[in-house]
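Asks: Got a predicted model here, sequence first, then my questions.
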Number of protein chains: 2
Amino acid sequence: MPELRAIPVPGIPEINPGDRIAPLILAALNQSNTALAAGDILVVTHKIVSKAEGALVALDSIQPSRWARGWAKRFHLDARVTQLALSQAQRVVRRKNGVIITETAHGLVCANSGVDVSNVDGGRNAVLLPRDPDASARRLHRELKASLGFAVPIIITDTFGRPWREGLTEVAIGVAGMKPFRDFRARRDAHGYHLRVTLEAVADELAGMAGLACGKLSGIPVCIIRGFEFETGRGSAREMIREAKRDLFR
Amino acid sequence: MPELRAIPVPGIPEINPGDRIAPLILAALNQSNTALAAGDILVVTHKIVSKAEGALVALDSIQPSRWARGWAKRFHLDARVTQLALSQAQRVVRRKNGVIITETAHGLVCANSGVDVSNVDGGRNAVLLPRDPDASARRLHRELKASLGFAVPIIITDTFGRPWREGLTEVAIGVAGMKPFRDFRARRDAHGYHLRVTLEAVADELAGMAGLACGKLSGIPVCIIRGFEFETGRGSAREMIREAKRDLFR
């Protein structure tokens, strides 16, 4: 049985709008004497992607609505962040105890539309989700392939909460170069019985694995996964979002 | 930066009621020339725990209710499994399109109360969740420590779906010997800003990582995680279940 490994890639510098990530990742790999190999997967936190794409908003530029000011005051929040979270939502899913769960333009259901003020210049700017994380993943996939001569699947991640369970986990919001699922639908187990588990969200499990290895505080936004037998494909994290009509919790 | 590794443990035999798992795991490790080391975590799928504990029900012994028969007929399901799922629930959370989401006696919210008919003698028996998965984890933790001379944290897993996203992932339903969370609440990032991400559900991410390495069809129910700096503690997966009053989706 092959081992599965998560290898952090240190040395990625602070990213600024307009930076190209692919050469910075390759330089960091070089610097740490780590080489990407065929069969590897690269997991990248969305924050460096958003920064490079300029998906930033100066908090001082935001005029909070009366509602946002009231909500923020009540729960000791920054009204500008509340306002920005609402402006990034196509729908508010739940709003309670200072938590706003929204559905973003991408269809992602998460807290505050994924708006984040940590790790950006001491909080003066907010980081948004990339406009099209699958497209961001495809671009990085293409650029790395051009340099390396072989394709490495890309997973772009964010940190989401979930109903019923405490704590947050990393999930895939952009995927390129691999199928985000492992599909057991046509298969039977060793006893000839159809499997109850039919579609495994491997892109989310890979995102979580990278989160464990690189950590929220280590400042390491890039992780290599080695030893996972992914299925090659165009890939998309969009297809991981359940259609509204199939969803029991919208 | 240390690497994180998932190492499958092959050679666990078919488990029967009354079997003791700890010696079987140690024998399988021996057989594959793999030794547990201090710092390792052991991830075990709940199915072998349930079987060893005799948490099995013969499907022929179940009398489905009129409602269960109607539901099962409508959605081409086994009415006995529907009946068993309902009998294992303390509450039905959603019921639609042939999917029954329940809250189990443990407080877990999942499909069919975690009742599973795959991988058990061709479907003649159903496997229930362990009665107290944290206690099962503590027992295994204690027995392994007695043999090894050092403590190895235990995570017992099941495969759950989730709202809004397609596909299933492995989650922790029993934990012993480590804290299930990594807590960033008192910490600030490199810019001195409080982190948005405060509590990382590492036990769930570790469960997912083990799921990737061992796979649903490989028949390998035990996985070593090496290189993760867990925080020692009594541990519990029960504390990963959000209290009803804090939950926006009950």
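Replies: The structure has been received and is ready for your questions. Residues are numbered from 1 along each chain as shown, chains lettered A, B, ... in the order given.

Asks: A:A137 - how many residues pack around it?
Replies: For A:A137, the count of nearby residues is 28 (other CB atoms under 10 Å in any protein chain shown). Where you see a C-beta, it was placed from the backbone N, CA and C, and this is true even at glycine.

Asks: whoops, A:E143 was the one
Replies: For A:E143, the number of neighbouring residues by other CB under 10 Å comes to 17.

Asks: And it, which helix or strand is it part of?
Replies: Following DSSP states H and E, the helix or strand that holds A:E143 is helix A:133-148.

Asks: helices or strands next to that helix in the packing?
Replies: Contact here means 3 or more CB pairs under 8 Å, 6 or more residues apart in numbering or on different chains; DSSP states H and E; on that basis helix A:133-148 packs against helix A:21-31, strand A:41-45, helix A:46-52, strand A:154-162, strand A:165-176.

Asks: Which strands and helices lie in contact with the first one?
Replies: Read it as helix A:21-31. Helix A:21-31 makes packing contacts with strand A:41-45, helix A:46-52, helix A:133-148 when contacts are defined by 3+ CB pairs under 8 Å, 6+ apart.

Asks: what about stretch A:225-238 and chain B, touching?
Replies: Yes. Using CB under 8 Å from any CB of the partner chain, stretch A:225-238 reaches chain B at A:G227, A:F228.

Asks: mind listing what's buried in that stretch?
Replies: Across stretch A:225-238, burial judged by 16 or more other CB atoms under 10 Å in any protein chain shown covers A:I225, A:R226, A:G227, A:F228, A:F230, A:G235, A:S236, A:A237, A:R238.

Asks: Quick one: neighbours of the closest residue to A:R238 other than its chain neighbours, just the number.
Replies: Counting by CB to CB, 6 or more residues apart in numbering or on different chains, the nearest residue to A:R238 once its immediate chain neighbours are dropped is A:D134, at 5.6 Å. For A:D134, the neighbour count with other CB under 10 Å is 22.

Asks: For A:D134, give me its contacts.
Replies: Under the criterion of CB atoms under 8 Å, 6 or more residues apart in numbering or on different chains, the contact list for A:D134 reads A:G174, A:V175, A:A176, A:G235, A:S236, A:A237, A:R238.

Asks: The residues you listed into TSV, with extra columns for pLDDT?
Replies: Output for those, formatted as TSV (pLDDT from 0 to 100):
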residue	pLDDT
A:G174	98
A:V175	98
A:A176	98
A:G235	94
A:S236	96
A:A237	96
A:R238	96
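
Asks: Work out the gap between stretch A:100-113 and the centre of the chain.
Replies: Computed by CA atoms, centre = their mean, to the nearest Å, the chain-centroid distance of stretch A:100-113 equals 13 Å.

Asks: With stretch A:227-244 instead?
Replies: Relative to its chain's centre, stretch A:227-244 lies at 13 Å (CA atoms, centre = their mean).

Asks: can you list contacts of that stretch?
Replies: A:2-5, A:39, A:41, A:106-108, A:133-134, A:137, A:151, A:153, A:155-156, A:172-182, A:201-204, A:206, A:250, B:163-167, B:212-213.

Asks: one step back: can you list the buried residues of stretch A:225-238 in CSV and add secondary structure and distance to B:I220?
Replies: Output for the buried residues of stretch A:225-238, formatted as CSV (DSSP: H, G, I helix; E, B strand; the rest coil; distance: CB to CB, whole Å):
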residue, secondary structure, distance to B:I220
A:I225, strand, 19
A:R226, strand, 19
A:G227, coil, 14
A:F228, coil, 15
A:F230, coil, 19
A:G235, coil, 26
A:S236, coil, 29
A:A237, coil, 28
A:R238, helix, 32
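
Asks: so how far is A:A210 from the most centrally placed residue in chain A?
Replies: Centre of chain A computed as the mean C-alpha position; nearest residue by CA atoms, centre = their mean is A:T157, 1.7 Å away. Between A:T157 and A:A210 the distance is 7 Å, computed by CB to CB, to the nearest Å.

Asks: Please identify every residue contacting each of the two.
Replies: A:V43, A:E170.

Asks: per-domain residue ranges of chain A.
Replies: Chain A breaks down into these domains under automatic domain parsing: A:5-49+A:131-246, A:57-126.

Asks: now the end-to-end length of the shortest one.
Replies: Spelled out, that is domain A:57-126. Looking at domain A:57-126, the gap from its leading to its trailing residue is 5 Å under the measure CA to CA, to the nearest Å.

Asks: can you tell me the helix or strand for A:I7?
Replies: Element membership for A:I7 (DSSP H and E) is strand A:4-8.

Asks: got a list of contacts for that strand?
Replies: Contacts to strand A:4-8, defined as CB under 8 Å, 6+ apart, come from residues A:34, A:209-210, A:212-214, A:218, A:220, A:222-228, B:1, B:3-6, B:209, B:212-213.

Asks: From the chain's centroid, how far away is it?
Replies: The chain centroid and the centroid of strand A:4-8 are separated by 18 Å, computed with CA atoms, centre = their mean.

Asks: Restricting to C-alpha, output it in PDB.
Replies: The C-alpha trace of strand A:4-8 is given here as PDB (Å, rounded to 0.1, in the frame of the first residue of the first chain):
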ATOM      1  CA  LEU A   4       0.100   9.400   1.300                       C
ATOM      2  CA  ARG A   5       2.200  12.500   2.100                       C
ATOM      3  CA  ALA A   6       1.600  16.200   2.600                       C
ATOM      4  CA  ILE A   7       4.800  18.300   2.100                       C
ATOM      5  CA  PRO A   8       4.600  22.000   3.100                       C
END
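
Asks: strands paired with that strand, and their directions?
Replies: Strands adjacent to strand A:4-8 in the sheet, as given by DSSP bridges, are strand A:222-226 (antiparallel), strand B:4-8 (antiparallel).

Asks: In TSV: these, plus distance to B:A244.
Replies: Shown next, in TSV, are the strands paired with strand A:4-8 (distance: least, CB to CB, whole Å):
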stretch	distance to B:A244
strand A:222-226	36
strand B:4-8	34
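
Asks: okay, the ones you listed in a markdown table with distance to A:K245 and mean pLDDT next?
Replies: Written out in a markdown table, the entries for the strands paired with strand A:4-8 read as follows (distance: least, CB to CB, whole Å; pLDDT from 0 to 100):
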| stretch | distance to A:K245 | mean pLDDT |
| --- | --- | --- |
| strand A:222-226 | 33 | 98 |
| strand B:4-8 | 36 | 97 |
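
Asks: of the ones you listed, which approaches B:G114 most closely?
Replies: When the strands paired with strand A:4-8 are compared for distance to B:G114 using CB to CB, the nearest one is strand B:4-8, at 23.3 Å.

Asks: Return the set of buried residues in that closest one.
Replies: When burial is assessed from 16+ other CB under 10 Å, strand B:4-8 yields the following buried residues: B:L4, B:R5, B:A6, B:I7, B:P8.

Asks: Just flag the most distant two among those residues.
Replies: Looking at the buried residues of strand B:4-8 by CB to CB, the two members farthest from one another are B:L4 and B:P8, with 14.7 Å of separation.

Asks: I'd like the mean pLDDT over stretch A:202-214, please.
Replies: Averaged across stretch A:202-214, pLDDT comes to 96.

Asks: That one close to chain B?
Replies: Yes. Under the criterion of CB under 8 Å from any CB, stretch A:202-214 makes contact with chain B via A:V202, A:D204, A:E205, A:L206, A:G208, A:M209, A:G211, A:L212, A:A213, A:C214.

Asks: and if you look at stretch A:47-55?
Replies: No. Against chain B, stretch A:47-55 shows no contacts by CB under 8 Å from any CB, the least distance being 10.7 Å.

Asks: Show me which parts of that stretch are buried, residue by residue.
Replies: Of the residues in stretch A:47-55, those buried by neighbour count under the rule 16+ other CB under 10 Å are A:K47, A:I48, A:V49, A:S50, A:K51, A:A52, A:E53, A:A55.
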